[in-house]
Every structure is written in C-alpha cells, then in structure tokens.
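Engineer: okay, here's the prediction I keep looking at, along with the sequence it came from:
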Amino acid sequence: MGAGRAALTAELRALRQRIAKADYHYYVLDDPIMPDAEYDRLFRRLQQIEAEHPQWISADSPSQRVAGAPAAGFEPVRHHQPMRSLSNCFSEEELRDFDRRVREALGRESITYVAEPKLDGLALSLIYRRSMLSRAATRGDGETGEDVTANVRTVRSIPLRLRGEPASHPQLIEIRGEVYMPRAGFAHINRELEAAGEKPFANPRNAAAGSLRQLDPANTRRRPLAFYAYQTGAVEGGELPPTHWELLARLRDWGLPVSALARRVEGVDGCLAYYHEMLERRPRLDFDIDGVVYKLDDLAARGELGEVSRAPRWAIAHKFPAEEAVTRLLSVDWQVGRTGALTPVARLMPVFVGGANVSNATLHNADEIERKGIHVGDAVVVRRAGDVIPEVVRALPGRRPTGARRPKVPTHCPVCGAAVERPPGEAIVRCTAGLSCPAQLHASLVHFVSRKAMDIDGLGEKLLAQVIGRGLVENAADLYRLEAEQLAGLERMGEKSAANLVAAIDASKNTTLARFLYALGIRSVGETTARALAEHFGSLEALTEAAGRDLDSERDTHVKPRDRYPQLQRVADVGPTVAAEIARFFAERRNRKVIEQLLTAGVRWPAPPRGESGKLAGKTFVITGTLPNLTREQAIDLVQQHGGKVSSSVSSKTDYLLAGDTPGGKLEKAQKLGVAVIDWSGLRKLLQSDADE
C-alpha cells in the first residue's frame, strides 16, 4: 500500500506540474505545448485522483479554478497601497510638457520610459502570500475595492501559485493589472446572449466587468476573460529589480502574463513613435485599447518624483481619439450598390470620433435598424475604428425626442424608381431593375474595369460617371465602342489621354475566362469562385448550359433545396445559395444580351488546354510573396492558361510553390513537406522546357 500511495502522490504532483506548465505556455507565452485532447486527458486524470483522495486537494491545484458556491455579494477590502489613477494627455504638446517636468525634476537630459498599451478593461489587484494567490480585488475608489477572489481563481491566465522557487518570491507581493475580454470572446458571448434572448453587452469592457462580478463563480469561469500584469504594489520580505523593464520580465518568469507589445523607449520622440505605431495597429488587435501608458523605467527615480493629488508624477496615459461618440441621427438615406442592394446610410449631426469628423455612418440593413430600435431624431452612439467605415452602434432611447419616427424601408428604388424586393429569409432589400438602373450601372462598371477584373487602366469612377451621364455607355459592352474623339471632349481628357484610354480598353479584350466571369459581377461570385467555375467548365458555353439545366431544378418543388443546382454544385466551394445566384444571372435575358455584345466586341480568352496538352497540365501551384515582373493575378492567369491549377494553401498535393519576395509561412511549410520551390525565373524555365519537348 505504501508503495502504491507514494506512486499515486507522485503522479498527482506530476499532473499538477504538467497542467500548470501547459497553462503557462498557453495563456502567458501564447505557445501551446500540447494538443487540447492531451490537456483534457491529463485534467480528467487529475480530477479522478482528487475525487478519490479529497484530502490531497491543495489550493493551488489546477482543479480548484472551478470555484464553489455563489456568493451573496462582494466584501469590501482595503488596498495595501492606494491604487492611483493616471494623469491623461491628449496631444503631443501635453506629452512634451510631461517629459519636460520629469527631466527638470530629475536633472536629466533624456528619460528612458517603458511604453505599454492601455487596455480598456477592469483594474485588478492580486495579493500573493508565500507564492500563493490569497486575494483579488477590484480597484473600487482606489482605497477600497471589492473582493473577487473566488471569481479571479477561474481566470486561467492568472496563476494560483507563482512559478519558480518560493524562496525567490517576496513573502507578500501585490500584482496589479487589467482583466479584459478579447474581441473574439466578446463576439462569441454576445451571440450566446442574443440566442438566449438576453441583452448583449455594449462593449468588451462592460463584458469583462460584468463577467468578473458574477455572484456565481461558475458563470465567470464560462466567460472568456484574460489578464495582463503591468505593475506591482505592496511588497514585503523581498526585493524587486531596479527597472520597470526588468520587473516585467520578472513577472513573466513568475507565470504572470505581461503585454508582448510593451517596449523600452528613449525620450519623448520614442514615446510618440510608439503611440503612432499602436494607433495604427489598434484595429487589428484582439483586445480593446484606448491609448498607451508611459512609465519612468528607473524605479528609484520614481520615488524622487512622488505623486500629485491622486496620480503619480512618473507616469502618464496618452489617450487615443475616442472611437465612440454620441450624436443625433438626422435622417436615413438608401444607397444602391452594383448588385441592386439598398443599404441604409445614417446622416448625422457631424461629430469628431476616431480622429475624424463623421457625418455619415452605415446602418447595415433593414434588420439591423429594427434590431437596434433606431428612430430618426435619436441620440445614437457612433463608432469609428481605424479605417473601418463608421457605424451606428446603438440608439439611446432615454434621450429620444418627441416626434422621433422609425425609418421606412423604400418600396421603390430611390435612383430609378423600379420596385424593390426582399427575398424570403434575407435582410437585404434589392432594386429589381438590374443593369438598367443607373446606380447599378455605374457601380457594376467600376467593378468591371477594376484591376482584378478586366483591368482597364485609366478608366476610373469619375470618368465612368461622365460617360454614363452623357449617354455614351449603357452597359459594359458599350465601353468597347468608345472612340477617342468622344472621350477627348470630356473633363480633364485631352487627345493623347483619350487615345491612351482607347488603347487600354482594346488591350483588355485579351483576358481569361476566370477574369471575365468575375468582371460580370455575378452576386456571390468572387475571384476564387470565378476561377473554380472556369477550371471546372472550361468554357462559357458549358457553364451557361449547366446553369440553364440547373434552373429547372429550382422550379421543381419535389427537389429539396440542398439538392437543387446539381451541375453547379459540383464546383468546389459552390453551395446551393451561390449556385442559385449563378443560375438566375444566366437566366436573365438582359445579362445574356450584354455577354453576347461583349463577345461581338472582341472580348476573348485562350481556349482551355485539352488533356495533357497544357504545359502545366495536372500540376498544382501555390503562389506566395511579391513577384518581380507580374502581379499575383497575372501569375494565376499564366499558370491556368497553361493547364495548371492554383491553390491557396500548401499541402502534400502541391507540386510547386511559386515564391517571390517576403514569402511568409507558406515557404516554411512547403520546405517541410518537400514541395518544389521555384521563383519567377524557375517558372519561365519550366514553361520553356515543356515547350522544347
């Protein structure tokens, strides 16, 4: 029994160590060291042993993140040291004033700072006694917070025991940081709340705060919370490194997550460079930040500077322009896109948000207007993040004025007056006029001439608006009838420019079937689907015939929706919805007429290679990086013209990786799989060698 007991306790100790190590690598280092299935197996074994021997359960066991019974409330706790706020600055001038005050107070010419993102979450204080997490508290009023220990123990990125030898840890140390909810987790939890008929959270910060303050810790455990440590507070029985930069490294060694975006910078110019970098990266981060924080790196010098009022003199928060603001909704207009979709656009009382003045914002679709309960006249929250189109996030019903009214969905197209339709189950309202609607004509021609479609250089939106406005063009085929004399009379178009444009239009006649299909603007058919259709059918005639045959299945009530369009659904990535769009497009008489006119005008593409006659027949290529002499689209066209196939990802079935400059991870994967890697000159040699045979 003794030997068996010793073996079991040794296994228990090893399980706890392996799970804790896996948590550290996954949540702190972002470097998983085992598959999820292996982790789950170890965790279940840990729970089994502890269930059989409950006397062996310790407070730092990974199993104890599953907290106990719900609390009646949160007890107030007084912080060992006050949790001060930071002073804010909003301009370069204010930042330079801060830096000047620090330099003058310390008598230094330049200051080394540590710059970190300012997370938009909930400040948290963690107390570790003899290496063990003993208490967690919210900031509260800075002097007194709420005890949320039971809930914090469920947050996997927060260690229950500090890593390393206990002798290397202070007897007591307070770790301060921010608990937050990543954007992906925020979207997931809001979907769950809406599915359950509950009110979604307004933003990730509210979601984090609400999740941490659940009375039942089991509910907190189900919420996707994360944590970053950024500071220490009270310390007893131990010493810390002399600089903040070294302190962050120490915290990471102890198992606490710190921001990988933190950086040592020199002087105010280093701070500003960091600020602009984070402002540019902000929309792509998986968590919300509302600015950056600069802290004096020298911890001893911080003591010399001290504090003023409720903020330290040695740190400052440099706030970003607000991404959300409140303004008034003046009206709702409906814009018509190239596919006939009517999109509601909010006309707003101008407001400065996200670094720009915003007077228009998207409302997405009619369903969104209904779901958000938006009325014309409402006070609304507008959000603008980076280059993302501004959107109306929500209305504020409590500030709704008398006479506010719901926006009406148009019954007729606001551009051409044709009737609109809303297919069952769709949120989009569409104009039924097709390409005869001027709004759709302009947008469809902008798409038709674009680089990835027919690639007509020099024919931009404004010039297209002129030729349409003067009645020179009524559909895409009319572009090929334009003459230099007609164009020379347009605004900012001389004889030479007109001649160059006519030459560019003529050159675009030589294209590929994939580009032509993409240029037609078939709803739901992007570049990838257009290439798949071209590869599968090989000719426009075969595709048209298949679409015609499949249309009969749409009318057959005995055929299940998923089984309709059997010919088109044989194409990779084409499901019933996309197949229906393709079939309906080719069934429309006006669309077929335009296609006939384009072919009559001389638009053409190489005949598909037959059997093994294509130089690259049977070969699959993946293209990565920047090629020196041709664009990615041109490279795809070249491979396909010679019978090869182009895939988006490297696999064991890939024959060649065509790599240009900065190839990225695809090159490494190809090398691991033994895939042949060639550059532009290698492709030329491959084509030449085939031609010589």
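Structural biologist: In hand now; what should we look at? Residues are numbered from 1 along each chain as shown.

Engineer: what about the helices in the stretch 551-693 of the chain?
Structural biologist: Here the stretch 551-693 of the chain has its helices, by DSSP state H, counting those that start in this stretch, at 576-587, 589-600, 632-641, 665-673, 680-692.

Engineer: lowest-confidence stretch among those helices?
Structural biologist: The minimum mean pLDDT among these belongs to helix 680-692 (a mean of 72).

Engineer: could you pull up the residues touching the nearest residue to Phe90 once chain neighbours are set aside?
Structural biologist: Among residues not flanking Phe90 along the chain, Lys319 sits closest, at 5.4 Å (Cβ to Cβ, 6 or more residues apart in numbering). C-betas here are computed from N, CA, C, even on glycine. Residues in contact with Lys319 (Cβ atoms under 8 Å, 6 or more residues apart in numbering) are 88-90, 118, 290-291.

Engineer: if we can go back for a sec, closest one to Leu463 among the helices of the stretch 551-693 of the chain?
Structural biologist: The closest of the helices of the stretch 551-693 of the chain to Leu463 is helix 589-600. By Cβ to Cβ, the value is 19.6 Å.

Engineer: identify each buried residue in the closest one, please.
Structural biologist: The neighbour-count check on helix 589-600 (16 or more other Cβ atoms under 10 Å) flags 591, 594-595, 597-598 as buried.

Engineer: for the residue nearest the centre of the chain, phi and psi?
Structural biologist: Nearest to the geometric centre of the chain sits Arg284, at 5.9 Å (Cα atoms, centre = their mean). Main-chain torsions, Arg284, degrees, to the nearest 10: phi -90, psi -10.

Engineer: about what we covered before: of the buried residues of helix 589-600, just say which sits nearest to Lys685.
Structural biologist: Distance to Lys685 across the buried residues of helix 589-600 (Cβ to Cβ) is lowest for Leu598, with 36.1 Å.

Engineer: now that closest one. Nearest residue, chain neighbours left out?
Structural biologist: Closest residue to Leu598 apart from its sequence neighbours, by Cβ to Cβ, 6+ apart: Ala477 at 4.8 Å.

Engineer: which of the three states applies to the one you found?
Structural biologist: helix (DSSP: H, G, I helix; E, B strand; the rest coil).

Engineer: list the contacts for it?
Structural biologist: Contacts of Ala477 (Cβ under 8 Å, 6+ apart): 594, 597-598, 600-601.

Engineer: can you put those in TSV and add distance to Thr662?
Structural biologist: What follows is those, written out as TSV (distance: Cβ to Cβ, whole Å):
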residue	distance to Thr662
Val594	40
Gln597	42
Leu598	37
Thr600	44
Ala601	40
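
Engineer: how about the contacts made by Val502?
Structural biologist: Going by Cβ under 8 Å, 6+ apart, Val502 touches 482-484, 487.

Engineer: the nearest residue to Ile389 once chain neighbours are set aside and Asp297, how far apart?
Structural biologist: Spatially, and ignoring its direct neighbours in sequence, Ile389 is nearest to Thr362 (5.4 Å; Cβ to Cβ, 6+ apart). Per Cβ to Cβ, to the nearest Å, Thr362 is found 44 Å from Asp297.

Engineer: out of the two, which sits in the more crowded spot?
Structural biologist: Taking other Cβ atoms under 10 Å, Thr362 and Asp297 do not tie; Asp297 has more neighbours (22 against 16).

Engineer: what number of residues lie near the closest residue in space to the more buried one that isn't next to it in sequence?
Structural biologist: Nearest non-adjacent residue to Asp297, counting by Cβ to Cβ, 6+ apart: Thr112, 4.4 Å away. Residues within reach of Thr112, counting by other Cβ under 10 Å, total 17.

Engineer: quick check, Thr112 in contact with Leu299.
Structural biologist: No. Applying Cβ atoms under 8 Å as the test, Thr112 and Leu299 come out as separate, 11.7 Å apart.

Engineer: give me the residues contacting stretch 245-252.
Structural biologist: For stretch 245-252, the external contacting residues (Cβ under 8 Å, 6+ apart) are 28, 114, 175, 229-230, 232, 240-241, 258, 262, 264, 297, 299.

Engineer: dump the residues you listed to JSON lines, plus distance to Arg492.
Structural biologist: JSON lines is the format used below for the contacts of stretch 245-252 (distance: Cβ to Cβ, whole Å):
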{"residue": "Val28", "distance to Arg492": "58"}
{"residue": "Val114", "distance to Arg492": "53"}
{"residue": "Ile175", "distance to Arg492": "63"}
{"residue": "Ala229", "distance to Arg492": "59"}
{"residue": "Tyr230", "distance to Arg492": "55"}
{"residue": "Thr232", "distance to Arg492": "64"}
{"residue": "Leu240", "distance to Arg492": "66"}
{"residue": "Pro241", "distance to Arg492": "64"}
{"residue": "Val258", "distance to Arg492": "55"}
{"residue": "Ala262", "distance to Arg492": "51"}
{"residue": "Arg264", "distance to Arg492": "51"}
{"residue": "Asp297", "distance to Arg492": "56"}
{"residue": "Leu299", "distance to Arg492": "63"}
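
Engineer: now render those residues as CSV, adding pLDDT, distance to Arg313 and secondary structure.
Structural biologist: Formatted as CSV, these follow (pLDDT from 0 to 100; distance: Cβ to Cβ, whole Å; DSSP: H, G, I helix; E, B strand; the rest coil):
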residue, pLDDT, distance to Arg313, secondary structure
Val28, 56, 31, helix
Val114, 97, 16, strand
Ile175, 96, 23, strand
Ala229, 96, 23, strand
Tyr230, 95, 18, strand
Thr232, 95, 18, strand
Leu240, 92, 20, coil
Pro241, 95, 21, coil
Val258, 95, 23, coil
Ala262, 96, 21, coil
Arg264, 97, 20, strand
Asp297, 97, 15, coil
Leu299, 95, 14, helix
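
Engineer: can you select the buried ones among these for me in PyMOL?
Structural biologist: Those of the contacts of stretch 245-252 that count as buried under 16+ other Cβ under 10 Å are selected in PyMOL with:
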select buried, resi 28+114+175+229+230+232+258+262+297+299
